[in-house]
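# Need a 3D model of the following:
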Amino acid sequence: MSVGGPWVGARVAIVAGKGGVGSSTVAAAMALGAARDGLDVLFVSVDGRPGMGTLLGGRELDDRERELGKVDGSGRLRGRTIPAHQAFTDYLEIKGIGAVVRRAAAAASLPMIAAATPGLEHLMILARVKEFERDGHADLIVVDAPPAGRATAFLQSALAVSDLVTTGPVREQADEVIEMLHDPARSRVMAVTLPEETPVTEAIELTAEVDRLSIGHLPLVVNGCWPELPGLAKSPGMASRSHQLKLSADAKRVLESASGFGRARQMQQEEQIDRLTAAVEQPIIRLPRLTTARLGPSDLPVLADALTGDEGGAS
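Predicted coordinates:
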């Protein structure tokens, strides 16, 4: 694996963050970057968020694995979703239960069983990921996890089920998932945040929970960072005089308002990143704020480059 990629060191990368921070986009950028490094990558969307397949240059994702966009070099990029009912059906198939019973169980029993066994749905999804990892189905499996609040339950699911189920095949699945999660050579978690107070608080909490669960970390990503603009330190009047320009009073007011907003955003950003740095131990990667209304396949390489350090940076 590339020494520059944050995916180094694990075969399963679980990417999670508060809703709205762009964790799905970061997961897609990681998948693209790793594939460009020559890896065979499987991108798994747990919630099946719309648009991820097209962002990665392919068709919309569903529960059928398919090739996504082509990458330069020897890498390969595939994607799919793992709905809970599909994971449960796969589990029954692995256990050799007949097709008719399997369909009936998947269609009718899962909601009832899941309600009686907290964490079972998430466990089935992680168990499917574990099967992919154990079988060497891909060099790297990038898991686009549920948003931060649900991500904690997602990661805790195996322990929750193991506390409730003492024997049998479900307990075996829970134990095998716990074994995978506790092995940093097999799986690690990447937390994603924005440089804002509430997302940073949730990222710190998620990181602490990952530590408590004895799961390994990947670098923490601060998404949507504003660029450093040293010129904002100058007032519009000073800047205009240094360039021998004359500004009207109205122009000065408009420019001062804009530069004041920029200074405030930069100050807020640095305060939150400093707060994050003081609270977590893993490296922090900053990803740039892209000035586009809707991200497309042409934008994703910019974020993939920033993840590897070709653009942006780590601290």
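
# C-alpha from now on. contacts and neighbour counts both.
OK.

# residues making contact with stretch 274-289?
Stretch 274-289 is contacted from outside by 200, 204, 207, 217-227, 303, 306-307, 312-315, using C-alpha atoms under 8 Å, 6 or more residues apart in numbering.

# In the stretch 151-300 of the chain, where is pLDDT below threshold?
The stretch 151-300 of the chain contains residues with pLDDT under 70 at 231-237, 239.

# what about the strands in it?
Assigned by DSSP state E, counting those that start in this stretch, the stretch 151-300 of the chain shows strands spanning 187-193, 216-217, 220-225, 284-288.

# Of these, which stretch is the most buried?
strand 187-193 (a mean of 28; mean count of other C-alpha atoms under 10 Å).

# and the angle from that one to strand 220-225?
Going by axes from the mean of the first three to the mean of the last three C-alpha atoms, to 10 degrees, strand 187-193 is angled at 30 degrees with respect to strand 220-225.

# tell me what strand 187-193 is packed against?
With contacts taken as 3 or more C-alpha pairs under 8 Å, 6 or more residues apart in numbering; DSSP states H and E, strand 187-193 sits against strand 12-17, helix 23-36, helix 169-181, helix 197-212, strand 216-217, strand 220-225.

# Let's have the ones you listed in a markdown table, adding distance to residue 291.
Listed next are the helices and strands packed on strand 187-193 as a markdown table, based on distance: least, C-alpha to C-alpha, whole Å:
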| stretch | distance to residue 291 |
| --- | --- |
| strand 12-17 | 21 |
| helix 23-36 | 15 |
| helix 169-181 | 36 |
| helix 197-212 | 20 |
| strand 216-217 | 30 |
| strand 220-225 | 10 |
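
# And for residue 77, nearest residue in space, chain neighbours not counted?
Excluding the flanking residues, the one nearest residue 77 by C-alpha to C-alpha, 6 or more residues apart in numbering is residue 41, at 5.0 Å.

# so how far is residue 71 from the one you found?
11 Å (C-alpha to C-alpha, to the nearest Å).

# can you give me the helices for this protein?
23-36, 52-55, 84-94, 99-104, 110-116, 120-134, 148-164, 169-181, 197-212, 236-242, 249-279, 300-308 (DSSP state H).

# Of the ones you listed, flag the one that's most buried.
Comparing the helices of the chain by mean neighbour count (mean count of other C-alpha under 10 Å), helix 23-36 ranks first with a mean of 26.

# Tell me which other helices or strands that helix touches.
Going by 3+ C-alpha pairs under 8 Å, 6+ apart, helix 23-36 lies up against strand 12-17, strand 40-45, helix 52-55, strand 76-81, strand 140-144, strand 187-193, helix 300-308.

# Mind exporting the C-alpha coordinates of it to PDB?
Extracted C-alpha coordinates of helix 23-36, given in PDB (Å, rounded to 0.1, in the frame of the first residue of the first chain):
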ATOM      1  CA  SER A  23     -18.200  11.500   5.800                       C
ATOM      2  CA  SER A  24     -19.700   9.700   2.800                       C
ATOM      3  CA  THR A  25     -17.800  11.900   0.400                       C
ATOM      4  CA  VAL A  26     -14.600  11.400   2.400                       C
ATOM      5  CA  ALA A  27     -15.200   7.600   2.200                       C
ATOM      6  CA  ALA A  28     -15.600   7.800  -1.500                       C
ATOM      7  CA  ALA A  29     -12.400   9.900  -1.800                       C
ATOM      8  CA  MET A  30     -10.500   7.300   0.200                       C
ATOM      9  CA  ALA A  31     -11.800   4.500  -2.000                       C
ATOM     10  CA  LEU A  32     -10.800   6.400  -5.200                       C
ATOM     11  CA  GLY A  33      -7.400   7.300  -3.700                       C
ATOM     12  CA  ALA A  34      -6.600   3.700  -2.700                       C
ATOM     13  CA  ALA A  35      -7.700   2.400  -6.100                       C
ATOM     14  CA  ARG A  36      -5.400   4.900  -7.800                       C
END
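
# gap between it and the chain center?
8 Å (C-alpha atoms, centre = their mean, to the nearest Å).

# picking up where we left off before, any chance of TSV for the helices of the chain, columns distance to residue 11?
What follows is the helices of the chain, written out as TSV (distance: least, C-alpha to C-alpha, whole Å):
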stretch	distance to residue 11
helix 23-36	11
helix 52-55	21
helix 84-94	20
helix 99-104	30
helix 110-116	28
helix 120-134	7
helix 148-164	16
helix 169-181	10
helix 197-212	17
helix 236-242	51
helix 249-279	26
helix 300-308	17
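
# of all these, which lies closest to residue 15?
With C-alpha to C-alpha as the criterion, residue 15 lies closest to helix 23-36 of these, at 5.9 Å.

# And the contacts of that closest one?
By C-alpha under 8 Å, 6+ apart, helix 23-36 touches 5, 7, 15-17, 40-43, 52, 55-56, 71-77, 140, 142-145, 191-193, 223, 300-301, 303-305, 307-308.

# Let me know the average pLDDT across that helix.
Here helix 23-36 scores 94 as its mean pLDDT.

# tell me the angle of that helix relative to strand 187-193?
Interaxial angle, helix 23-36 versus strand 187-193 (the same axes, to 10 degrees): 130 degrees.
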